[in-house]
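>>> show me the folded form of this:
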Amino acid sequence: MEGISSVVTSREYSSSGEDYEYFRRIMTLETNAAIEGAIAAGAAEIVVRDGHGSARNILPGLLDRNAKLLRGWADSPKSMMEGIDETFDAVVFVGYHAKAGTPDAIIAHTMSGNVVDVSINGVSLPEAGINGLIAGHFNVPVVFLSGDKAICGQAKGLFGEVETYAVKE
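A predicted model of the protein is given here:
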């Protein structure tokens with residue numbers, strides 16, 4: 001949610017924040033735009049996984065009815081990628097942010113504010129990279145990512161030819 005358009009402070013992405021409800025709507029609308037893009041690209045089935053905070057941020061009544069919404073947390077090592085398996089053709093990441101310590105990023109962190117770095121096989125990763133590895137385990141490519149300009153650059157470095165869209169600098 002931290003990578004959604006105009007989100008710059010915790011009062012916008014925290015469930016106790018005064019602007020949270022407004023930005024839940026923006027998050028849902030940005031998710032709908034990704035759903036529309038997936039349908040235009042030929043997707044027959046779309047699963048949306050809410051992966052921020054309580055995992056109950058996307059507004060079900062406003063979400064495009066062409067998508068199935070997974071909410072809440074399961075006790076699973078897949079974490080934000082719960083629900084993915086080898087039957088998926090592609091993954092789209094909406095509202096992502098840069099990894100902890102990234103200069104010129106907006107709300108940069110990795111998993112929580114307490115984590116300084118997550119490195120796997122010597123590579124420092126943002127949440128998109130961790131989730132991309134989980135998708136890769138099932139041979140599912142990451143084809144699109146939206147978020148701040150910094151995460152878009154990190155995604156290009158991790159996923160190569162991935163399409164990105166910076167919603168803020």
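
>>> and M80, what are its phi and psi?
phi -60, psi -20 (degrees, to the nearest 10).

>>> tell me who's in contact with F23.
Neighbouring residues of F23 by CB atoms under 8 Å, 6 or more residues apart in numbering: M1, I4, S6, V7, E12, Y13. The way it works is simple: take the backbone N, C-alpha and C, and place the C-beta from them, glycine included.

>>> in terms of helices and strands, where is it?
helix 20-40 (DSSP states H and E).

>>> just the C-alphas of that helix, formatted as PDB.
C-alpha atoms of helix 20-40 as PDB (Å, rounded to 0.1, in the frame of the first residue of the first chain):
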ATOM      1  CA  TYR A  20      -6.500   5.500   5.600                       C
ATOM      2  CA  GLU A  21     -10.100   5.000   4.200                       C
ATOM      3  CA  TYR A  22      -9.400   7.400   1.300                       C
ATOM      4  CA  PHE A  23      -6.300   5.500   0.400                       C
ATOM      5  CA  ARG A  24      -7.900   2.100   0.600                       C
ATOM      6  CA  ARG A  25     -10.200   3.400  -2.100                       C
ATOM      7  CA  ILE A  26      -7.200   4.500  -4.200                       C
ATOM      8  CA  MET A  27      -5.500   1.200  -3.700                       C
ATOM      9  CA  THR A  28      -8.600  -0.600  -4.900                       C
ATOM     10  CA  LEU A  29      -8.900   1.600  -7.900                       C
ATOM     11  CA  GLU A  30      -5.200   1.000  -8.800                       C
ATOM     12  CA  THR A  31      -5.800  -2.700  -8.400                       C
ATOM     13  CA  ASN A  32      -8.800  -2.400 -10.800                       C
ATOM     14  CA  ALA A  33      -6.600  -0.700 -13.400                       C
ATOM     15  CA  ALA A  34      -4.300  -3.700 -13.200                       C
ATOM     16  CA  ILE A  35      -7.200  -6.100 -13.500                       C
ATOM     17  CA  GLU A  36      -8.400  -4.200 -16.600                       C
ATOM     18  CA  GLY A  37      -4.900  -4.400 -18.100                       C
ATOM     19  CA  ALA A  38      -4.700  -8.100 -17.400                       C
ATOM     20  CA  ILE A  39      -8.100  -8.700 -19.100                       C
ATOM     21  CA  ALA A  40      -7.000  -6.700 -22.100                       C
END
